[in-house]
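Visitor: sequence first, predicted model second:
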Amino acid sequence: MKKLILGTAALALSAGMGLAQDVVRLGTEGAYPPYNFINDNGEVDGFERELGDELCARAELTCEWVTNDWDSIIPNLVSGNYDAIIAGMSITPERDEVVDFTQNYTPPSPSAYAAMSEDADIEGGVIAAQTGTIQANHVVDTGATLLEFPNPDDTVAAVRNGEADAVMADKDFLAPVVEEGDLVFVGEDIPLGGGIGMAFRESDPELRGKFDAAIQTMKDDGTLNELIVKWLGEDSPRF
């Protein structure tokens, strides 16, 4: 769901294809619930953990999970630190110039504003968003003042402590925050992005193809929609 501001990163020719390895390493942020987060046992959890494990089983691959900060998640894929990204990443033309995506495993979901009160100024005020996301780009386009933070929890904290008038993020991320009772949704939902997909090095088309096929089987048998409802809620778009 989020759009990385791409830095210049040279493709590591030594980064071998995931299929040539005993273990396929899945890179995620681990800080964007309900998509991905670290649970009380210190393990990656959430929608993408369950999805990724199922995709690996269907593709008959042995996988392990690796966490990486959002702002360097694509460069570290390209340089070979892991073999795929499964981290709430929207499929965008800008990213597609650097990595190859599977088909989307969620439809485009709405973004939303949340604030301490319904009369918050979302057009001319200070809006918090995570660095390098489609929401941050949208705030700039609206003319509001963007206040960027490296992780999503800090964007919510900025609203609660008065640094920002509102936060903009994926509605699926903000919904549990709003349910806590001190923040409310403000304004209309805003559709951004083209759905979430897995990202791979351009040198790994066979590995990408295996996961793409596995995603299709989950769409075909309805299990992907079941996971979307389980983790993202009944109101989240599904296939």
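Guide: Everything's here; your move. Numbers count the residues shown, from 1 in each chain.
Visitor: surely Asp182 meets Ala157?
Guide: No: if you go by C-beta atoms under 8 Å, Asp182 and Ala157 don't touch, sitting 11.6 Å apart. All C-beta spots, glycine's among them, are computed from the backbone N, C-alpha and C.
Visitor: between these two, tell me which one has more neighbours.
Guide: Ala157 (15 against 11; other C-beta atoms under 10 Å).
Visitor: run through the helices of this protein in chain order.
Guide: For the chain, applying DSSP state H gives helices covering 47-58, 73-78, 93-96, 134-142, 152-160, 171-179, 205-221, 223-232.
Visitor: for Leu227, give its distance to Phe47.
Guide: 6 Å (C-beta to C-beta, to the nearest Å).
Visitor: compare those two (neighbour count), which wins?
Guide: Phe47 (25 against 19).
Visitor: report pLDDT for Leu6.
Guide: As predicted, Leu6 sits at a pLDDT of 40.
Visitor: repeat that for Tyr32.
Guide: For Tyr32, the predicted pLDDT is 92.
Visitor: then the one 10 residues further on?
Guide: Taken from the predicted model, the pLDDT recorded for Gly42 is 97.
Visitor: count the neighbours of Glu199 for me.
Guide: To be clear, residue 199 is Ala; Glu isn't right here. Neighbours of Ala199 (other C-beta under 10 Å): 25.
Visitor: please apply the same query to Ala120.
Guide: Neighbours around Ala120, by other C-beta under 10 Å: 22.
Visitor: just Gly162 next, same as before
Guide: 9.
Visitor: which ones are touching it?
Guide: By C-beta atoms under 8 Å, 6 or more residues apart in numbering, the contact set of Gly162 is empty.
Visitor: then the one 10 residues further on?
Guide: If a contact means C-beta under 8 Å, 6+ apart, then Asp172 has Met1, Pro34, Tyr35, Ser109, Leu232, Gly233, Ser236 as its contacts.
Visitor: can you list those in TSV and add distance to Arg201?
Guide: Supplementary listing: the contacts of Asp172 in TSV, determined by distance: C-beta to C-beta, whole Å:
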residue	distance to Arg201
Met1	22
Pro34	27
Tyr35	22
Ser109	26
Leu232	28
Gly233	33
Ser236	29
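Visitor: burial measure for the residue lying closest to Asp189 once chain neighbours are set aside, as a count.
Guide: Nearest residue to Asp189 in three dimensions, chain neighbours excluded: Pro110, at 3.7 Å (C-beta to C-beta, 6 or more residues apart in numbering). Look at Pro110: counted by other C-beta under 10 Å, it has 17 neighbours.
Visitor: wait, doesn't Pro110 sit right on Gly193?
Guide: No: assessed by C-beta under 8 Å, Pro110 is found out of contact with Gly193, at 9.7 Å.
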